[in-house]
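Peer 1: sequence first, then the predicted structure, then my questions.
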Amino acid sequence: MEKFISHTGSALPLRRSNVDTDQIIPAVYLKRVTRSGFEDGLFAAWRSDPEFVLNKAEYSKASILIAGADFGTGSSREHAVWALQNYGFKVVISSRFADIFRGNSLKAGLLTVILGQSDVEALWSAIEAEPSLEIKVDLETRLVSYKNQAVSFDLDDYTRWRLMEGLDDIGLTLRKIDEVENFEEKRAKFKPKTLPVLS
Amino acid sequence: MAKTLAEKVWDDHLVRSASGEPDLLYIDLHLIHEVTSPQAFDGLRLAKRGVRRPDLTLATEDHNVPTLNIDKPIADPVSRLQVDTLRKNCQEFGIRLHSLGDVEQGIVHVVGPQLGLTQPGMTIVCGDSHTSTHGAFGALAFGIGTSEVEHVLATQTLPLSRPKTMAINVEGKLKPGVTSKDIILAIIAKIGTGGGQGYILEYRGSAIRALSMEARMTICNMSIEAGARAGLIAPDETTFAYLKDRPHAPKGEDWQRALAYWSELKSDSDAKFDKEITLDADQLSPFVTWGTNPGQGIPLDGVIPSPQDFTDPEEVSAAERALVYMDLKAGTPMKKIKIDTVFLGSCTNGRIEDLRAAAEIIKGKKVASDIRMMVVPGSARVRLQAEAEGLDKLFLAAGAEWRSAGCSMCLGMNPDQLAPGERSASTSNRNFEGRQGKGGRTHLVSPLVAAATALRGTLSSPADL
């Protein structure tokens, strides 16, 4: 995974709450077996409306998405994270994220930042007044900064370290595989196995 | 120290717990399907890693498969490639797979319980958010993304932060015609689609105890719609009776050992939940959604709310958008809403009891002439059972369609979809914009409301017949 230390870019204001993963990428786009090429499915239904914010020229370079509360609800599809990344987003800011989406994003290296709703509103207003406004999201200092503003955000130390080092979770767990083996030896024998097939 | 049920199951699966890092949890059962696994297997191959425990892994084909002509090759080449990819991956890594046409094929969350692979006190994951279904057995079960699927395949563990716990007490007795679907829709309307974020829910109380296993699965299934990754119910005699003699249930002395362990699996009487809410079962009536998220629901005999009825500005704008998308006007009685398609099926309500309940209402009657009713069993076994009971003939005689098992119209990724502007009464779990097909409009309902609606053509309960 690529290291994430800091990102600076312009942002897209998505003034909608409860953006579920079916909106981020509809199910018809999930038939592919690759991890790339999902950008055409991003917000596919909404994009058919020329007035949709993603279609506006002034936001065409945006790499930070700023959304309403409860972003990423519903399906566990990680394709939602990939679609955002494939399209070019590096960061999503919202006041609340659905648990599974948030987990997926931080595993896949899309930084999800939680700010208070009033901070989100302030960002929306600032961006709408100046669409090319540069916003810096910094993991080192855990700050979102723009103009003369700097807003701090929480992210646990472990996840922050993993993102900044670009570490693969599986590799980290495999370093502790002897502990997994120890656990397996003590597991109750009555627990079911899928093999052999019983009927 | 007193513990909740969720904390007990969590602690029993701790491989490692150290400060400053997430807990490492052992996974007892990993369920797989065609949509969220191909990239995970690619990741394994790329890193030259294997599947640690194929014997704790089970795959089935459900999401993208057709429910008609399943003996023929899948017509859509992209869907076919995805299913073929699953078949190749399962063969390469030695994973048990129930393919289309196999007697054990079906929706992954229907198959696990019916095989007896879902048992109390287990940790169960799947790359599907409705994995919470298995919580009905007192298992800690939750949906994961594809990166996590790869992690479980490679290590049989997951690093996770310990969630908070919420007790949802449902006390009293349900009135006739009110089901567990109505309970969970009412809970979601009460706490909202974000209300359960960061929590594991535990459903408790006399109304929950009185439910069958299948009805409990319906409730736990929709925990995710309240924002909670997992929801569970303490196992009891109902649970043990359901499990006894299932193919993969413990046998002989193992059954006794398992029973002894399972009987301990309940929240201690002095355990503290981080949050508690209470619902009065006696007050519940059939519940339906009017909007585009599962929290936008009201009793069926109510009227469509006005955006001004809400105080939170986010909810006001969400209601405005939902009414436009659903093409509905505030103040309209729900029962005046005309429906085009009735969908009976899904991991929420596609089990045998759901089909029986709907069949009982449809029996000897005709589906309204302008209604399409699709009945889609949750698994091939459910279909066979229903056919043994003659339910297929009864649905067909009424003018409904009788299909093969799969996720079908719950999500628009197989041939079963709503046309733009079409309106459904659906026993599934999500009424999101376009969920059942681009431009489609969904009202979430119980199997009883689905059946009554099919007969009358407008949203109805059995009492309206």
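Peer 2: On my side now, so go ahead. Numbering: from 1, shown residues only, chains lettered A, B, ... in the order given.

Peer 1: hmm, stretch B:442-455 touching chain A?
Peer 2: No: using Cβ under 8 Å from any Cβ of the partner chain, stretch B:442-455 stays clear of chain A, coming no nearer than 10.8 Å. The C-beta positions use only the backbone N, C-alpha and C, and glycine is treated the same way.

Peer 1: again but with stretch B:373-381, I slipped
Peer 2: No: against chain A, stretch B:373-381 shows no contacts by Cβ under 8 Å from any Cβ, the least distance being 11.0 Å.

Peer 1: can you give me the buried ones in stretch B:202-219?
Peer 2: Across stretch B:202-219, burial judged by 16 or more other Cβ atoms under 10 Å in any protein chain shown covers B:202-205, B:207-209, B:211, B:213-219.

Peer 1: what segments of chain A are strands?
Peer 2: Remark: strands assigned in chain A by DSSP state E are A:6-9, A:11-14, A:64-67, A:91-94, A:111-114, A:135-138, A:143-146, A:149-152.

Peer 1: also the stretch 251-400 of chain B?
Peer 2: B:275-280, B:287-289, B:297-299, B:341-344, B:372-375 (DSSP state E, counting those that start in this stretch).

Peer 1: who are the packing partners of the longest one?
Peer 2: Translated: strand B:275-280. Under the contact definition 3 or more Cβ pairs under 8 Å, 6 or more residues apart in numbering or on different chains; DSSP states H and E, strand B:275-280 sits against strand B:164-171, helix B:180-191.

Peer 1: keep the buried residues of stretch B:202-219, but drop any that are not near chain A.
Peer 2: Within those, nothing lies near chain A by Cβ under 8 Å from any Cβ.

Peer 1: show me the residues you listed that map onto helices.
Peer 2: B:A207, B:I208, B:R209, B:M213, B:E214, B:A215, B:R216, B:M217, B:T218, B:I219 (DSSP state H).

Peer 1: verify the contact between the fourth one and B:Y242 for me.
Peer 2: Yes: the pair B:M213 / B:Y242 is scored as a contact, 4.2 Å apart, by Cβ atoms under 8 Å.

Peer 1: anything in contact with each of those two?
Peer 2: Both B:M213 and B:Y242 are in contact with B:P113, where contact means Cβ atoms under 8 Å, 6 or more residues apart in numbering or on different chains.

Peer 1: which residues touch B:V51?
Peer 2: Here B:V51 is in contact with B:L44, B:T57, B:F93, B:G94, B:I95, B:L153, B:A154 (Cβ under 8 Å, 6+ apart).

Peer 1: closest to chain A out of these?
Peer 2: B:A154 (5.0 Å; Cβ to the nearest Cβ).

Peer 1: next one: phi and psi at the closest one?
Peer 2: phi -80, psi -30 (degrees, to the nearest 10).

Peer 1: again, but for A:F43
Peer 2: When read as degrees, to the nearest 10, the backbone of A:F43 gives phi 50, psi 40.

Peer 1: in this structure it contacts A:I24, no?
Peer 2: Yes: between A:F43 and A:I24 a contact is recorded at 6.6 Å, counting by Cβ under 8 Å.

Peer 1: of those two, which one has the most company?
Peer 2: Legend: neighbour count by other Cβ atoms under 10 Å in any protein chain shown for A:F43 and A:I24, higher for A:I24 (29 against 23).

Peer 1: give the contact list for the closest residue in space to that one that isn't next to it in sequence.
Peer 2: Nearest residue to A:I24, sequence neighbours excluded (Cβ to Cβ, 6 or more residues apart in numbering or on different chains): A:A80, at 4.1 Å. A:A80 is in contact with A:T21, A:I24, A:I25, A:G72, A:F101, A:N104, counting by Cβ under 8 Å, 6+ apart.

Peer 1: let's have the ones in helices among the buried residues of stretch B:202-219 in CSV, adding distance to B:G297.
Peer 2: Listed next are those as CSV, based on distance: Cβ to Cβ, whole Å:
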residue, distance to B:G297
B:A207, 18
B:I208, 19
B:R209, 24
B:M213, 24
B:E214, 21
B:A215, 18
B:R216, 20
B:M217, 20
B:T218, 15
B:I219, 14
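
Peer 1: nearest to B:F310 among these?
Peer 2: Checking those against B:F310 with Cβ to Cβ, the nearest one is B:I219 at 25.8 Å.

Peer 1: which SS class is B:H30?
Peer 2: strand (DSSP: H, G, I helix; E, B strand; the rest coil).

Peer 1: pretty sure it is touching B:M122, no?
Peer 2: No: applying Cβ under 8 Å, one finds B:H30 not in contact with B:M122, separated by 11.0 Å.
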